[in-house]
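K.L.:
okay, predicted coordinates and the sequence, questions at the end:
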Amino acid sequence: MILTGVLLAVIGLGLVGWFAARGRARLLYTGRGSMHSMPSYHGWHMALWILVPALLAWAAWSAIMPGLVDGAVMADPAAAQLPEGDMHRAAVLADARNIAANPDAVAFDPLSQELAAPMRAAQTRFGMIGGLLILIVALAGGGYGFTRVRAGFPARTHVERAILALLLIASLMAILTTFGIVASLLFEAGLFFKDVSPIAFLTGTHWAPGNARGIDIDGNFGAVPLFWGTIYIGAIIAMVVAIPLGLMSAIYLTQYASSTIRKWVKPILEILAGIPTVVYGYFAALTVAPLIRDTAASLGVANPSTESALAAGLVMGVMIIPFVSSMADDALAAVPRAMSDGSLALGATQSETIKKVLLPAALPGIVAGVMLAISRAIGETMIVVMAAGASARLSANPLASMTTVTYQIVQMLTGDQEFNSPKTLSAFALGLVLFIVTLILNIIALRVVKRFREAYE
Amino acid sequence: MTETKLTARNVDVFYGPKKAIDNVSIDIDNGIVTAFIGPSGCGKSTFLRSLNRMNDTIAGARVTGEILLDGEDIYAPSMDPVALRARVGMVFQKPNPFPKSIYENIAYGPRIHGLASSKAEMDAIIESSLTKAGLWDEVKDRLSDAGTALSGGQQQRLCIARAIAVSPEVILMDEPCSALDPIATAKIEELIDELKENYAIVIVTHSMQQAARVSQRTAFFHLGNLVEYGETSEIFTNPREEKTKDYITGRYG
């Protein structure tokens, strides 16, 4: 509570500092060339000196204060009754913290009611201490900043350097997050592979994590049916839909369509790419899947399943069409006009030119686009969760219900789960495999695209 | 000894509303080289591209007037532009071999038009085309190499061989040497001189020296008009028009 107020105060101080320094600089400013930097740079310089150290102090204090408060509460006589065992003790303390913040909250343990008062007192005390420290830091920073408002001081250089640092931190953030994700994936997958042998996981054909108990643990974690389901839906059925349709639409749009048609059709195709995947998901589950089931039944298939690989794959393919089409469009447009002119001048028709010159020349770009499309399709989750089903099955029958890696990850991590069981941890192992496969596909595709671009520049 | 191969009568070419060629009439003869010269933007390339209907591929381009190939109107509705382009071949400014092997580059045209019924016949076409283009000795041992791996001058001769392979009657060359060094240029010029026996050749060039070296007739274009057309030796030594004189003496252009 107190710290939030302090934060607002620091921001207010920053604002005051900005005006103060700018005002002082304006007094010093006597005309062109009289100062190294314009007054507003002095304002920013001062504001940064107030905000940056104070915010760092605020963050540091926020991190250490809960420990100090807990320490003070433990020193209270009432805390002598606290149970042994870290888990239980932490639960009581959390409860007390809750009551301290909100007096109407219900205590699960009478002890926490007793500890609430010392908790509140300790929070106030340490909050005051911290707030005071932070304000001192802010004022010290501001004071230092104010002394630098002089005609010759290069405030602009300093401010620009600070902005550079900010940009650097922003760009590192995404990279660090990626590393964090990979590290956690590796760590959790490592825990999983302590219980289950990687070979059994990667080559086994029986997936039934629910049955995995005791000695037969390896036998129930064979992920091949999941890999198969993922490839069958994402890389086979979806691509059978997306590659021809995407490619043909790109050929039509780049080679034949008049500029009016192009102007209308391209944006519409791009809208298709903007539909949320969850919408595709229920389209697959509620419209396409029943249609496929009824059609199958009318053709004499016995007991067709409502959830089918075909439904999920078809809709996923439609979802990927704009992606393939726009990649193929780029690849075709990158082939120099001289190429098609050369062919036309030999008396080839336009379709011969497309078939024999343009497509072969654009092939690397198109292949790369397809690889990126596959890596998107196999990572796609919503559609398969809604339409593909949960049964891990090694089958080539498109009407069968099938499950994928992404579906199982969702399954393992939602609902009540014991966090250390191999069943839950298997989600991380699956995620790791998915991550590695899409990473490899993307790297290859980007390399191919780069080479291809170089070839025509 | 020469006969008229191509005749243009009152030809206008438009790009959208803009008139690029204004009322050009010209006779182009068989067995000689005709050069089109003129400053950039004078319409010489545009006019060249209307001789094999390559302008059809540019949106908004329109040709009026009459262009006759052996007396036949090439813009008549009955004329198939695809068939026409097999008779009137074209070599472009920048060498543009297909990203295929040398062999496949040449075989492309004959295959489309069904000119060879066996591998042996195709091989013969490849050899004779490359020989006529003066490239056979340089590439005969590496026909399966990529056409794009050749040097610029070799690529341009490959493009000429490719055009010859479909047995055209006319070869249009749009500044074929502008992307080449002087040695490669000399080779191409030599080649043009040999080829003129069997084809009507029209070459657009920026270089007046080149026009003087390779052509027997020269047409001077300026701002979409055909200013002067005549024997090359006449044009360069004794031009009738003031504009032609200014251009060839380097006053502008």
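P.N.:
Looks like it came in fine. Numbering: from 1, shown residues only, chains lettered A, B, ... in the order given.
K.L.:
end to end, how far does stretch A:186-205 reach?
P.N.:
23 Å (Cα to Cα, to the nearest Å).
K.L.:
neighbouring contacts of that stretch?
P.N.:
The contact list for stretch A:186-205, computed with Cβ atoms under 8 Å, 6 or more residues apart in numbering or on different chains, reads A:217-219, A:221-225, A:394, A:420, A:422, A:425-426, A:428-429, A:431-433. No exception for glycine: its C-beta is placed from N, CA and C like everyone else's.
K.L.:
quick one: the helices in chain B?
P.N.:
Counting by DSSP state H, the segments of chain B that form helices are B:44-50, B:81-87, B:102-112, B:119-132, B:136-139, B:152-164, B:182-195, B:208-214, B:232-237, B:242-248.
K.L.:
between these, which gets nearest to A:Val52?
P.N.:
Closest to A:Val52 of these, according to Cβ to Cβ: helix B:152-164, at 58.7 Å.
K.L.:
could I get the buried residue list for the closest one?
P.N.:
Along helix B:152-164, these residues count as buried under the neighbour rule (16 or more other Cβ atoms under 10 Å in any protein chain shown): B:153-164.
K.L.:
can you redo the helices of chain B as CSV with mean pLDDT and distance to chain A?
P.N.:
Listed next are these as CSV, based on pLDDT from 0 to 100; distance: least, Cβ to the nearest Cβ, whole Å:
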stretch, mean pLDDT, distance to chain A
helix B:44-50, 92, 9
helix B:81-87, 92, 3
helix B:102-112, 94, 4
helix B:119-132, 94, 12
helix B:136-139, 92, 18
helix B:152-164, 93, 7
helix B:182-195, 91, 16
helix B:208-214, 92, 21
helix B:232-237, 92, 26
helix B:242-248, 89, 28
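K.L.:
can you lay out those helices as CSV showing distance to B:Thr7?
P.N.:
Formatted as CSV, the helices of chain B follow (distance: least, Cβ to Cβ, whole Å):
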stretch, distance to B:Thr7
helix B:44-50, 13
helix B:81-87, 15
helix B:102-112, 26
helix B:119-132, 27
helix B:136-139, 35
helix B:152-164, 22
helix B:182-195, 22
helix B:208-214, 21
helix B:232-237, 20
helix B:242-248, 22
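K.L.:
phi, psi of the residue in chain A that chain B sits nearest to?
P.N.:
As assessed by Cβ to the nearest Cβ, chain B sits closest to A:Gly347 within chain A, at 3.1 Å. Note on A:Gly347: backbone dihedrals following degrees, to the nearest 10 are phi 90, psi 20.
K.L.:
and the one 5 residues further on, by the same measure?
P.N.:
With angles defined as degrees, to the nearest 10, A:Glu352 shows backbone torsions of phi -60, psi -40.
K.L.:
show me the contacts for A:Ile320.
P.N.:
A:238-239, A:241-242, A:246, A:373, A:376-377.
K.L.:
closest to B:Glu234 among the residues you listed?
P.N.:
Among the contacts of A:Ile320, and counting by Cβ to Cβ, the member closest to B:Glu234 is A:Gly246, at 59.8 Å.
K.L.:
give the closest residue to that closest one in space, chain neighbours not counted.
P.N.:
Nearest residue to A:Gly246, sequence neighbours excluded (Cβ to Cβ, 6 or more residues apart in numbering or on different chains): A:Val324, at 2.9 Å.
K.L.:
right, and the secondary structure at the one you found would be what?
P.N.:
helix (DSSP: H, G, I helix; E, B strand; the rest coil).
K.L.:
what residues does the stretch 1-150 of chain B put near chain A?
P.N.:
B:52, B:54, B:57, B:59, B:82-87, B:89-90, B:92, B:94, B:96-100, B:108-109, B:112-113 (Cβ under 8 Å from any Cβ of the partner chain).
K.L.:
quick one, which of the residues you listed are buried?
P.N.:
B:52, B:54, B:57, B:82, B:84-87, B:89-90, B:92, B:94, B:96-100, B:108-109, B:112-113.
K.L.:
residues of chain A that sit close to chain B?
P.N.:
Counting by Cβ under 8 Å from any Cβ, the residues of chain A near chain B are A:259, A:336, A:338-349, A:352, A:356-357, A:360-361, A:455.
K.L.:
which residues does residue 52 contact?
P.N.:
Going with chain A. Counting by Cβ under 8 Å, 6+ apart, A:Val52 has contacts A:141, A:162.
K.L.:
oops, wrong one, chain B.
P.N.:
Contacts of B:Asn52 by Cβ under 8 Å, 6+ apart are A:345, B:74, B:84-85, B:88-90, B:170, B:172.
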